[in-house]
Structures are given as structure tokens and as C-alpha cells.
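Novice: okay, structure incoming, though there's no sequence with it:
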């Protein structure tokens, strides 16, 4: 499953917002330096979806505010 996420780094109030059209807005405290904000977004997705961080990969938007993450789904 792929998620399109708008990332807002260096935010005073971190959190996750899911809009009506299934787009995510994630605010993180970390600054967008050396991938720290990307790591914080992966952590936030992991906590929200209750999955391991290793199952989440950034596939597009390494240096952009709009990112595409691939999330491996549990196969049971």
C-alpha cells in the first residue's frame, strides 16, 4: 500500500491529520536536515498504523514536502 503524505517539519505541535480524500498531513518537530524529518515521519506512521518501522519505505520525495511511502501489509 502506498501513502501520499504532506510533511510539515519543524512544527511546534506534532501530529497526524487524515483528510477526507485519504491524504495524510504529518507534522513533526524535527527539522528537514540529514533525513531527520523523514525518520520522524516513519516513526509516526509506525505508531499510527501499529506496524514495524522496517515495513515502511520512502519511495519518492526524499527532499520534498510531498512524499510517497510504501507500507508492507501483514500477510496472514
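Specialist: Perfect, I can see it now. It should be emphasised that the depicted structure is a prediction, and the values quoted were computed from it without experimental measurement. Numbering: from 1, shown residues only.
Novice: which residue ranges form the strands in the protein?
Specialist: With DSSP state E, the ranges of strands along the chain come out as 2-8, 15-18, 24-27, 56-60, 66-71.
Novice: got the buried residues for the first one?
Specialist: So that's strand 2-8. Across strand 2-8, burial judged by 16 or more other Cβ atoms under 10 Å covers 3, 5-8. Placement of C-beta: from N, CA and C, glycine included.
Novice: and for the third one?
Specialist: Across strand 24-27, burial judged by 16+ other Cβ under 10 Å covers 24, 26-27.
Novice: with the last one instead?
Specialist: Taking 16+ other Cβ under 10 Å as the neighbour-count basis, strand 66-71 is seen to contain the buried residues 67, 69.
Novice: is residue 38 in contact with residue 62, as I believe?
Specialist: Yes. Using Cβ atoms under 8 Å, residue 38 makes contact with residue 62 at a distance of 7.0 Å.
Novice: which one's more surrounded, those two?
Specialist: Counting neighbours by other Cβ atoms under 10 Å for residue 38 and for residue 62 shows that residue 38 has the greater number, 20 against 9.
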